[in-house]
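>>> sequence? don't have it. structure:
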């Protein structure tokens with residue numbers, strides 16, 4: 001077992017707290033802007049974005065479902081996401097999670113059993129103005 005880096009500790013810490021919760025069985029239609037940590041175990045139909053919080057995190061729980069674009073520094077998927085995601089920091093796709101849509105990121109982790117279908121674009125390529133390069137991944 002390797003020790004956690006400071007970045008991993010920060011993400012783990014943000015997952016352990018919840019500022020806003022959308023519970024299982026709840027359906028939200030419309031765009032959401034949040035700060036802090038947003039956790040959804042319900043369904044969101046619309047775009048989700050973190051407003052100016054550099055440590056902002058969205059956690060899509062195992063029963064959670066987001067059908068829309070997500071923009072946040074940290075994105076953790078344990079359920080289902082259908083739409084493009086844009087992360088300034090990290091994306092984590094958990095075991096048995098599914099994400100369908102293009103993704104831009106700084107760091108990405110796809111756990112064994114997680115599914116990612118779409119173009120993966122590391123931010124360092126975007127920063128180096130190599131926008132013509134992308135990686136297309138289908139992991140099933």
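Cool, got the structure. These figures come from a predicted structure and were not determined experimentally.
>>> count of neighbours near the nearest residue to residue 50 once chain neighbours are set aside?
With C-beta to C-beta, 6 or more residues apart in numbering as the criterion, residue 50 has its nearest non-adjacent residue at 3.4 Å, and that residue is residue 56. Every C-beta, even on glycine, is put in place using the N, C-alpha and C of the backbone. Taking other C-beta atoms under 10 Å as the criterion, the count of residues near residue 56 is 23.
>>> now do residue 51
A count of neighbours around residue 51, defined by other C-beta under 10 Å, yields 11.
>>> Next: residue 30.
9.
>>> got a pLDDT number for it?
Confidence at residue 30, expressed as pLDDT, is 97.
>>> can you check residue 51 too?
Residue 51 is given a pLDDT of 85.
>>> Identify the residue spatially nearest to it, adjacent ones excluded.
Among residues not flanking residue 51 along the chain, residue 33 sits closest, at 4.6 Å (C-beta to C-beta, 6+ apart).
>>> which residues does residue 27 form a beta bridge with?
Applying DSSP bridges to residue 27 gives these bridge partners: residue 43.
>>> Run through the residues that contact it.
Counting by C-beta atoms under 8 Å, 6 or more residues apart in numbering, residue 27 makes contact with 42, 43, 44, 45.
>>> Give the bridge partners for the spatially most central residue of the chain, please.
What sits nearest the mean C-alpha location of the chain, by C-alpha atoms, centre = their mean, is residue 75, with 2.4 Å. Legend: beta-bridge partners of residue 75 under DSSP bridges are residue 58, residue 91.
>>> got a list of what it touches?
By C-beta under 8 Å, 6+ apart, the neighbours of residue 75 are 57, 58, 60, 85, 87, 90, 91, 92.
>>> any idea how far residue 23 is from the fourth one?
Translated: residue 85. Residue 85 is 22 Å from residue 23, where distance means C-beta to C-beta, to the nearest Å.
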